[in-house]
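In: From the sequence below, what's the structure:
(2 chains, ligands or ions: 2)
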Amino acid sequence: MTPVEPITGLRARHPLEERPACPAPQPIVEVDRLSLYYGEKPAFQDVTLSINKGCITALVGPSGCGKTSFLTCLNRLTDLITGCRVSGRITIDALDVLAPSTNVIQLRRRIGMIFQKPNPFPLTIRRNLEFPLREHGLQDREQITQTMEATLRDVGLWDEVKDRLDSPALALSGGQQQRLCIARALALFPEVLLMDEPCSALDPLSSGVVEDLIVSLRSHYTVLIVTHNLAQARRIADYAALFWVQNGAGQLIETGTAKQIFEEPRDPLTAAYVSGMRG
Amino acid sequence: MAKTLSRLQNPREWLALVFVWGAAALVTATFCWLLGDIIRHGLSHISWTFLTAPPENAGRRGGIGPILVSTSLILGVCLAVSLPIGIGTAVLLAEFTSDQSLFGWMTRRSLDILAGVPSIVFGLFGNAFFCKTLGLGFSILSGGLTLACMVLPILIRSTEEGFRAVPASYRLSAAALGLSRTTTLVHLLLPAAVPGLLVGLVLGVGRAIAETAALIFTSGYVDRMPESLLDSGRALSIHIFDLSMNVSGGDANAYASALVLVIMLLAINGTASWLATYGLHRKVVTV
Ligand SMILES: Nc1ncnc2c1ncn2[C@@H]1O[C@H](COP(=O)(O)OP(=O)(O)OP(=O)(O)O)[C@@H](O)[C@H]1O
Ligand SMILES: [Mg+2]
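Out: Residues are numbered from 1 along each chain as shown, chains lettered A, B, ... in the order given. Ligands and ions are numbered 1, 2, ... in the order given. Predicted coordinates for the structure are as follows:
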């Protein structure tokens, strides 16, 4: 497997204020005929998809079509579910994700994940950021502090929490908690960020803030986001993929640039879904 | 309260209310009456000399010094053995065995049955196994180990419940951050499971410290100051039993010893709930 450079807080961190567009298509994640079964029941089958570096790809589709399950294959969270079987092939930058020899700890360092419900640990704000960093081998106090400040600035939380880093993270508002979770993931310098409906548990205002934050991640990180909010997908995504349940299992119906999916869908299901007639 | 009452128009709700409050009052009253009785008869006999001096004349006079030492040692052995094994087994059951697995099922069922086994059976087992087979004789060590066997089922099951009460999202988010299972366990799950552990500990220690039947056959009757863990030592509960049943004229000291036992129990309860709120929670800040 490709070696992962150790985390150093000093590695040049581009400020997220500049917002370059999504670069020329260059696949970083390649998914080949991926299927997932919970016991005997298929969640999705035969998904082939490539995700371009530095871009935002939106996964859309009706409830239960396997979007969350798809995300959890990419960072092998599926390992935690008993009776869950994954077949097919996923490569991330030449790393074979599903190979048994793959170091999942390092894999998950490279692929961050944000969940629907904000889930900071019941620790202080500081410990929430510090704890994963330390576990991944960053011991230097100075560097930890720098990384903490840099990531909190990235997610626009620094000014809101800098005076209460030692208060419980669970005392933050839902939107702040979600941004803290994003900061916690960013602190590990992931290459890919998986986001599972990151805004759907938030009020409209916080949702807007988090959405702007996701847009600012473009070109610095590769973002794969599941959303039920088509307007949001339209606003932020460069690419889109539509999942649908067919024959009792999720299938990838259509994939392409967001513009194409939302404006000139080829598949009639996609057309019906994006126009709000089905799903 | 008055507000609640005025809203209760249905006579059935009245009945339910009376029943619930009545039951609560009955439980509290029983405890208070018991405590009052022990305090009334026992308090005047408690003094520093009573707590430190050895018993004289079969316990009619003198104090309970060596008995307190033996009791603490027995409890210490019991905790030193049951805590690590208990936490380890609870972790195994809650985190590393699936709900459907036969191994997990069998272990849980066995523990539930063991938790209901009368203490005299543990006493006989301890006598046969620790005293005879392992050759530890009547000793504090045998007594502590027997108590550990008795406390373990309660301790394991409630610690396991503590682990199960930790939301699955902690495990998922920890794994998604690339934290190892051990780290997650030590830094996130264990602190979050502490309340469950403490409940088990209070119940278990409460059972252990009040135990007589299991100790009569294992740690013995000897009321001298123990010199090592291999000496026999008389536990407080046995002392109370002996004074009130076998020693005529021992009632006053029996009451005083019972009061000491109750105070110890309350102290253990208090420490556990203090730990749950302040001590061990400092690392984990929940709101
Ligand atoms: N741990 C699990 N065990 C068994 N079945 C599961 C599990 N997780 C999900 N499923 C099933 O797999 C299918 C796909 O679920 P998944 O959560 O991936 O869908 P989704 O597209 O994310 O839905 P939603 O939009 O509601 O979040 C569903 O039928 C679901 O019931
Ligand atoms: Mg989902």
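
In: For the stretch 51-200 of chain B, which segments are assigned as strands?
Out: Counting by DSSP state E, counting those that start in this stretch, one finds strands in the stretch 51-200 of chain B at the ranges B:55-56, B:61-62.

In: Also the stretch 151-279 of chain A?
Out: Going by DSSP E, counting those that start in this stretch, the stretch 151-279 of chain A shows strands at A:192-196, A:222-226, A:239-246, A:249-257.

In: returning to what we had before: lowest-confidence stretch among the strands of the stretch 51-200 of chain B?
Out: Ranked on mean pLDDT, the bottom entry among the strands of the stretch 51-200 of chain B is strand B:61-62, at a mean of 86.

In: What pLDDT does the model give B:Gln48?
Out: Heads up, residue B:48 is Trp, not Gln. At B:Trp48, pLDDT is 92.

In: Out of the strands of the stretch 151-279 of chain A, which one sits most buried?
Out: strand A:222-226 (a mean of 26; mean count of other C-beta atoms under 10 Å in any protein chain shown). To be clear about C-beta, it is placed using only N, CA and C from the backbone, and glycine gets the same treatment.

In: ok, A:Ile28 - contacts?
Out: Contacts for A:Ile28 were tallied using C-beta atoms under 8 Å, 6 or more residues apart in numbering or on different chains; they are A:Ile51, A:Asn52, A:Lys53, A:Ile92, A:Asp93, A:Glu191, A:Val192, A:Thr222.

In: If you rank those residues by neighbours, which is first?
Out: A:Thr222 (26 neighbours; other C-beta atoms under 10 Å in any protein chain shown).

In: I figured that one hits A:Glu191, correct?
Out: Yes: with contact defined as C-beta atoms under 8 Å, A:Thr222 and A:Glu191 form a contacting pair (6.3 Å).

In: Give the bridge partners for the one residue in the stretch 151-279 of chain A that gets nearest to chain B, please.
Out: Using C-beta to the nearest C-beta, the closest approach of the stretch 151-279 of chain A to chain B is made by A:Pro168 at 4.0 Å. Beta bridges link A:Pro168 to A:Thr124 when assigned by DSSP bridges.

In: What about it, how many residues nearby?
Out: The tally of other residues near A:Pro168 (other C-beta under 10 Å) stands at 19.

In: what pLDDT does it get?
Out: So, for A:Pro168, pLDDT stands at 92.

In: Nearest approach to ligand 1 belongs to which of the strands of the stretch 51-200 of chain B?
Out: strand B:55-56 (62.6 Å; C-beta to the nearest ligand atom).

In: Please tell me how far the closest one is from the chain's geometric centre.
Out: Going by C-alpha atoms, centre = their mean, to the nearest Å, the spacing between the C-alpha centre of strand B:55-56 and its chain's C-alpha centre is 28 Å.

In: what does that strand contact?
Out: So strand B:55-56 is contacted by B:Arg61, B:Gly62, B:Gly63, B:Ile64, B:Pro66, B:Ile67, B:Asp223, B:His239, B:Asn253 (C-beta under 8 Å, 6+ apart).

In: so is B:Thr218 in a helix, a strand, or just coil?
Out: coil (DSSP: H, G, I helix; E, B strand; the rest coil).

In: And it, what's its pLDDT?
Out: With respect to pLDDT, B:Thr218 scores 94.

In: How about A:Arg153?
Out: Reported pLDDT for A:Arg153: 90.

In: So which bits of chain A are right by chain B?
Out: Contact residues (C-beta under 8 Å from any C-beta of the partner chain) of chain A with chain B: A:75, A:77, A:80, A:82, A:104-109, A:112-113, A:115, A:117, A:119, A:121-124, A:131-132, A:135-136, A:167-168, A:170-171, A:181, A:184-185, A:188.

In: Other residues contacting the helix or strand harbouring B:Leu215?
Out: B:Leu215 belongs to helix B:213-216 when assigned by DSSP states H and E. The contact list for helix B:213-216 (C-beta under 8 Å, 6+ apart) reads B:74, B:118-120, B:122-123, B:126, B:143, B:146-147, B:150, B:235, B:237-238.

In: for chain B, which spans come out with low pLDDT?
Out: Where chain B drops to pLDDT under 70, the residues are B:1-8, B:279-287.

In: need the contact list for the residue most central in space within chain B.
Out: Residue closest to the average C-alpha location in chain B (C-alpha atoms, centre = their mean): B:Val205, at 1.7 Å. For B:Val205, the contact set (C-beta under 8 Å, 6+ apart) comprises B:Leu75, B:Cys78, B:Leu79, B:Val151, B:Ile268.

In: Most neighbours among these, please name it.
Out: The most crowded member of these, judged by other C-beta under 10 Å, is B:Val151 (28 neighbours).

In: wait, that residue sits on B:Ile209?
Out: No: applying C-beta under 8 Å, one finds B:Val151 not in contact with B:Ile209, separated by 10.1 Å.

In: rewinding a little: can you tell me which of the contacts of strand B:55-56 is nearest B:Ser180?
Out: Distance to B:Ser180, by C-beta to C-beta, is smallest for B:Ile67 among the contacts of strand B:55-56, at 47.5 Å.

In: Look at the closest one and say how many residues are nearby.
Out: 27.

In: Filter the contacts of helix B:213-216 down to the buried ones and hand me the PyMOL line.
Out: Restricted to buried positions by 16 or more other C-beta atoms under 10 Å in any protein chain shown, the PyMOL selection for the contacts of helix B:213-216 reads:
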select buried, chain B and resi 74+119+122+123+126+143+146+147+150+235+237+238
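
In: Grab the two from the contacts of helix B:213-216 that are most spread out in space.
Out: Longest span within those, C-beta to C-beta: B:Ile74 and B:Pro118, 19.2 Å.

In: returning to that earlier point: where does the residue nearest to the centre of chain B fall, helix, sheet strand or coil?
Out: B:Val205 falls in the helix class when you classify it by three-state DSSP.

In: Would you mind measuring from A:Arg266 to ligand 1?
Out: With distances taken as C-beta to the nearest ligand atom, to the nearest Å, A:Arg266 is found 22 Å from ligand 1.

In: what's the closest non-adjacent residue to that residue?
Out: Spatial nearest neighbour of A:Arg266, chain neighbours left out: A:Glu254 (6.1 Å); criterion: C-beta to C-beta, 6 or more residues apart in numbering or on different chains.

In: Near chain A, which residues of the stretch 1-150 of chain B are found?
Out: Within the stretch 1-150 of chain B, the residues that sit near chain A (C-beta under 8 Å from any C-beta) are B:Ser98.

In: Can you name the residue of the stretch 1-150 of chain B that approaches ligand 1 most closely?
Out: Closest point on the stretch 1-150 of chain B to ligand 1, by C-beta to the nearest ligand atom, is B:Ser98, at 12.4 Å.

In: same question, the stretch 101-250 of chain B
Out: B:Ala168 (9.9 Å).

In: Now do the strands in the stretch 1-150 of chain A.
Out: A:27-38, A:41-52, A:56-60, A:84-92, A:95-96, A:111-114.

In: ok, is the fourth one in contact with ligand 1 or not?
Out: No: judged by C-beta under 6 Å from any ligand atom, strand A:84-92 makes no contact with ligand 1; its nearest approach is 6.7 Å.

In: Contacts only, for the residue of the stretch 1-150 of chain B closest to ligand 1.
Out: Residues in contact with B:Ser98 (C-beta under 8 Å, 6+ apart) are A:Thr82, B:Gly104.

In: That one and A:Gln246: what is the separation?
Out: With distances taken as C-beta to C-beta, to the nearest Å, B:Ser98 is found 31 Å from A:Gln246.

In: how about the nearest residue to B:Ile46, chain neighbours excluded?
Out: B:Ala256 (5.3 Å).

In: So B:Gln9 lies in a helix, does it not?
Out: No: the assignment for B:Gln9, made by three-state DSSP, is coil rather than a helix.
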